[in-house]
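K.L.:
here is my input; please provide its structure:
(chains A and B)
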Amino acid sequence: MNRRTLLASAALGLGLSFGGAAEAQMDKVKACFVYVGPIGDGGWTYQHDQGRLQLIEAFGDKVETAYQESVPEGADAERVLTQMALSGCNIIFTTSFGYMDATNAVAAKFPDVKFEHATGYKRDHPNVSTYNARFYEGRAVQGTIAGRMTKSGKIGYIASFPIPEVIMGINSYYVHARKVNPDVELSVIWAYTWFDPAKEADAAKAMIEQGVDVIASHTDSTAPLAEAAKTNGAVIGFGQASDMAEYKPSPRVSSIIDNWGPWYVKRVGALLDGSYEQVDAWEGIAGGEVLIGEITDAVPAEVKAEAEAMRDAIAAGTYHPFTGPLNKQDGSAWLGEGEVADDGTLLGMNFYVEGISGEIPQ
Amino acid sequence: MDFYGINPAVLIASLMVASVPIMLAAIGELVVEKSGVLNLGVEGMMIMGAICGFITAVHSGSQLLGFLGGAAGGAVLSLIFILLTQVFLANQVATGLALTLFGLGLSSLLGQGYNGIKPPPTGMVPYGPLADIPFFGRILFTHDWMVYASIAVVAAVWAVLKYSRAGLILRAVGESHDAAHALGYKVIRIRVMAILFGGAMAGLGGAYVSLVRVPQWTDGITAGAGWIALAIVVFASWKPWRVLIGAYLFGGITVLQLNLQASNSFPIRIPVEYLAMSPYLITILVLVIMSSGRGKASLNAPAALGRNFHASR
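P.N.:
The predicted structure is shown next:
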């Protein structure tokens, strides 16, 4: 297709959308994906791509997909998005927080293309939706296991960047570890990266050398598990974003799996049958977006049962991981007895809960 | 002997391990630069070494063969650099940068299907009672053999450059290729061998990352270590033992800052941002101090560094 016919078809597309019903049924949808890392990262981007594959499985010929890997979060993203919109994508999923502004800027220029931005909060135009997952629910399950399993009383969390999503995870992990083990002590290392296997391994190693024996990570690679594996079972950890099953049964004793497939199937399905609407979605264990990977036999049966009960209670909606009484780190009251944190507070979370030492980098 | 939960013996032991990849890559690049060639493709050669070493180790089941494969991978990639800069006389800076970009892409292609596979485990050297010596046993006798091999390489490079005729010729080529040529030395041939050595060392460093330090393959696994290696060569003012010091300093501060973050009992809370930037900050600081001294260190760069040679001139 040369540029002239490209522009002509784009103009035709625009004309159609102004002339006809915008939410009409479609025979075929082209769904495009923008990835922040390589599919081979084994974590975050890999899971988004699994979601894309589920989409193909669900709709067969009715869906066509395209993706681009390792798109930097910045001006490049806007260029890639424009290119995708021009090449006939009906719906574009932008799968990292840093694409937020680019997504909204390009969405303004292509009102008949649907944009879905993962983990963001800006919906400046009617064709922009956002979707996110309640990873902190999975952290509650991990915290329970960590509190029960630690022998040294020291647990660790390899954090990426000081953003609300990560702080939510740290707080949830600690709160639930302390619930089953009041003396537990948490070490946090800020790696300032989503993906740097050598640095993640070094962080895990530093923790292990200081007696930490349960490590959770919020970075994307399997390096912390590989480091824990060198201790012959003395240190355990969790799969992050992906199941990381190759480290079963130990050190990987459980995992948080980001399961984006159902969401992608639902949204493209809505586009096909004409029921598509702008939304702000934040699903968790109940919605199937957050899965808890198999808890292995390296964990005693009663701990496993306790963790699974936690998972099921969250799924059933009978328990919220941030239920009072909870104080902030400085001792001031945050949630009263039985009070539950609202989503607004969680999405802007910038404080530790009481008991965690250290400061959040600002 | 713990200082607020940080055991100095453990810390030194782990900084020795953390420094191996950058030390190997830097000592290779030092030889390349001593011959008057500036190869900025260290990162690309490292990551090629990481994937080639990984593939070899997985298929052969032998870690030793993996390291050889890694060295070969780095050296093969450096052949492209040799072809472009030594035969076609292309600009070395641009070619080196292109080599890094190419290496990153090619390694990602080669690595398709190698995610989530574990390489053969690292065999521990049997130390017997040596490891039980207090303090020094923990520092010196707990490592895999590559840690010692990397120090041996530094010592060998130092000895060759300082005491052997081959080292003298290499330095002559790097200081004045025209004079060396007039004396009858094969400038291009010597540089080709130096670049191949540099590629092999970078590949070895990369293989250490994917086989020992983070025993797995993921795209972009070296994450910029090659650039640090380049900085360390300048930092070391082209002296082999200073490469070792530079690598240990950088590795040491990296390990220390992580330990300080993990330690909840350390009395002074240093903000994390400063800890995270400290390895780079201190590298820059030492660089400034060293080059501001009587000017000797900064003048130590090989005179013909980055200049192409052709016999017709």
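K.L.:
and B:Ile221, how far from A:Asp196?
P.N.:
Spatial separation of B:Ile221 from A:Asp196 under the definition C-beta to C-beta, to the nearest Å is 9 Å. C-beta: built from backbone N, CA, C; applies to glycine.
K.L.:
so what's residue 153 up against?
P.N.:
Using chain A here. A:Gly153 makes contact with A:Asn181, A:Asp183, A:Val184, A:Glu185 under the criterion C-beta atoms under 8 Å, 6 or more residues apart in numbering or on different chains.
K.L.:
you looked at the wrong chain, it should be chain B
P.N.:
For B:Val153, the contact set (C-beta under 8 Å, 6+ apart) comprises B:Leu24, B:Ile27, B:Met201.
K.L.:
could you tell me which residues of the stretch 101-250 of chain B lie near chain A?
P.N.:
B:108, B:111-112, B:115-118, B:209, B:213-216, B:218-223, B:225 (C-beta under 8 Å from any C-beta of the partner chain).
K.L.:
run the last query once more with 10 Å
P.N.:
Applying C-beta under 10 Å from any C-beta of the partner chain, we find that the stretch 101-250 of chain B lies next to chain A at B:104, B:108, B:111-119, B:121-122, B:209-210, B:212-225.
K.L.:
filter the contacts of A:Gly153 down to the buried ones, ChimeraX style.
P.N.:
What follows is the ChimeraX syntax for the buried subset of the contacts of A:Gly153, where burial is set by 16 or more other C-beta atoms under 10 Å in any protein chain shown:
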select /A:181,184,185
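K.L.:
which of the contacts of A:Gly153 fall within helices?
P.N.:
The helices, defined by DSSP state H, take in nothing from those.
K.L.:
the biggest helix by length in chain B: how far from the chain's middle?
P.N.:
For chain B, the helix with the greatest residue count under DSSP H is helix B:8-34. Going by C-alpha atoms, centre = their mean, to the nearest Å, the spacing between the C-alpha centre of helix B:8-34 and its chain's C-alpha centre is 6 Å.
K.L.:
between the helix or strand that comes right after it and helix B:8-34, what angle do the directions make?
P.N.:
Of the helices and strands lying after helix B:8-34 in sequence (DSSP states H and E), the nearest is helix B:42-60. Going by axes from the mean of the first three to the mean of the last three C-alpha atoms, to 10 degrees, helix B:42-60 is angled at 110 degrees with respect to helix B:8-34.
K.L.:
pLDDT below threshold where in the stretch 151-300 of chain B?
P.N.:
B:266, B:290-291, B:293-299 (pLDDT under 70).
K.L.:
residue ranges of each domain in chain A, please.
P.N.:
Under the assignment named as automatic domain parsing, the residue ranges that make up the domains of chain A are A:3-133, A:135-257+A:290-347.
K.L.:
and the first one, average pLDDT?
P.N.:
Averaging pLDDT along domain A:3-133 yields 83.
K.L.:
and A:Ile92, what are its phi and psi?
P.N.:
phi -120, psi 120 (degrees, to the nearest 10).
K.L.:
on the strand side of things, show who it bridges to.
P.N.:
A:Cys32, A:Phe115 (DSSP bridges).
K.L.:
may I have stretch B:45-52 as CSV, with CA atoms only?
P.N.:
This file holds the C-alpha atoms of stretch B:45-52, laid out as CSV (Å, rounded to 0.1, in the frame of the first residue of the first chain):
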residue,chain,number,x,y,z
MET,B,45,30.3,-8.4,22.2
MET,B,46,29.4,-9.1,25.9
ILE,B,47,25.8,-9.9,25.1
MET,B,48,26.8,-12.1,22.2
GLY,B,49,29.2,-13.9,24.5
ALA,B,50,26.3,-14.3,27.0
ILE,B,51,24.0,-15.9,24.5
CYS,B,52,26.6,-18.0,22.6
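K.L.:
return the distance of it from the chain's centre.
P.N.:
Relative to the chain's own centre, stretch B:45-52 is displaced by 12 Å; criterion: C-alpha atoms, centre = their mean.
K.L.:
now swap in stretch A:343-359 and tell me
P.N.:
18 Å.
K.L.:
next one: stretch B:199-214
P.N.:
9 Å.
K.L.:
and B:Leu97, what element?
P.N.:
Per DSSP H and E: B:Leu97 is located in helix B:92-110.
K.L.:
packing partners of that helix?
P.N.:
helix B:42-60, helix B:63-82, helix B:187-208, helix B:225-235 (3 or more C-beta pairs under 10 Å, 6 or more residues apart in numbering or on different chains; DSSP states H and E).
K.L.:
reformat those helices as TSV; add mean neighbour count.
P.N.:
Conversion of these to TSV gives the following (neighbours: other C-beta atoms under 10 Å in any protein chain shown):
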stretch	mean neighbour count
helix B:42-60	29
helix B:63-82	24
helix B:187-208	27
helix B:225-235	24
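K.L.:
can you add distance to A:Met244 and give the ones you listed back as CSV?
P.N.:
As requested, the helices and strands packed on helix B:92-110 are exported to CSV (distance: least, C-beta to C-beta, whole Å):
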stretch, distance to A:Met244
helix B:42-60, 18
helix B:63-82, 23
helix B:187-208, 23
helix B:225-235, 24
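K.L.:
which among those is found nearest to A:Ala316?
P.N.:
Of all those, the one in closest proximity to A:Ala316, counting by C-beta to C-beta, is helix B:42-60 (44.2 Å).
K.L.:
the closest one - contacts with which helices or strands?
P.N.:
Packing partners of helix B:42-60 (3+ C-beta pairs under 10 Å, 6+ apart): helix B:8-34, helix B:63-82, helix B:92-110, helix B:187-208, helix B:225-235.
K.L.:
what helix or strand does the residue of the stretch 151-300 of chain A found nearest chain B sit in?
P.N.:
Ranked by C-beta to the nearest C-beta, the top residue of the stretch 151-300 of chain A for proximity to chain B is A:Ala206, at 3.7 Å. Element membership for A:Ala206, per DSSP H and E: helix A:197-209.
K.L.:
for that helix, what is the average pLDDT?
P.N.:
Mean pLDDT, computed over helix A:197-209, is 89.
K.L.:
in it, what's buried?
P.N.:
If you call a residue buried by 16+ other C-beta under 10 Å, then helix A:197-209 has these buried ones: A:197-209.
K.L.:
what's the answer for stretch B:30-38, then?
P.N.:
Using 16+ other C-beta under 10 Å as the test for burial, stretch B:30-38 gives B:Leu30, B:Val31, B:Val32, B:Glu33, B:Lys34, B:Ser35, B:Gly36, B:Val37, B:Leu38.
K.L.:
who's in contact with the closest residue to the fifth one other than its chain neighbours?
P.N.:
Right, B:Lys34. Of all residues not flanking B:Lys34 in the chain, B:Gly174 sits nearest, at 4.8 Å (C-beta to C-beta, 6 or more residues apart in numbering or on different chains). Taking C-beta atoms under 10 Å, 6 or more residues apart in numbering or on different chains as the contact definition, B:Gly174 lies against B:31-37, B:180, B:187, B:190-191, B:194, B:238, B:301-305, B:307.
K.L.:
could you pull out the strands in chain A for me?
P.N.:
All strands of chain A, identified by DSSP state E, fall at A:29-34, A:63-68, A:91-94, A:114-118, A:128-133, A:154-159, A:185-190, A:214-217, A:236-241, A:252-258, A:280-283, A:290-293, A:326-327, A:333-335.
K.L.:
can you redo these as CSV with distance to B:Ile6?
P.N.:
Listed next are those as CSV, based on distance: least, C-beta to C-beta, whole Å:
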stretch, distance to B:Ile6
strand A:29-34, 42
strand A:63-68, 44
strand A:91-94, 42
strand A:114-118, 39
strand A:128-133, 37
strand A:154-159, 14
strand A:185-190, 12
strand A:214-217, 18
strand A:236-241, 22
strand A:252-258, 27
strand A:280-283, 40
strand A:290-293, 33
strand A:326-327, 30
strand A:333-335, 33
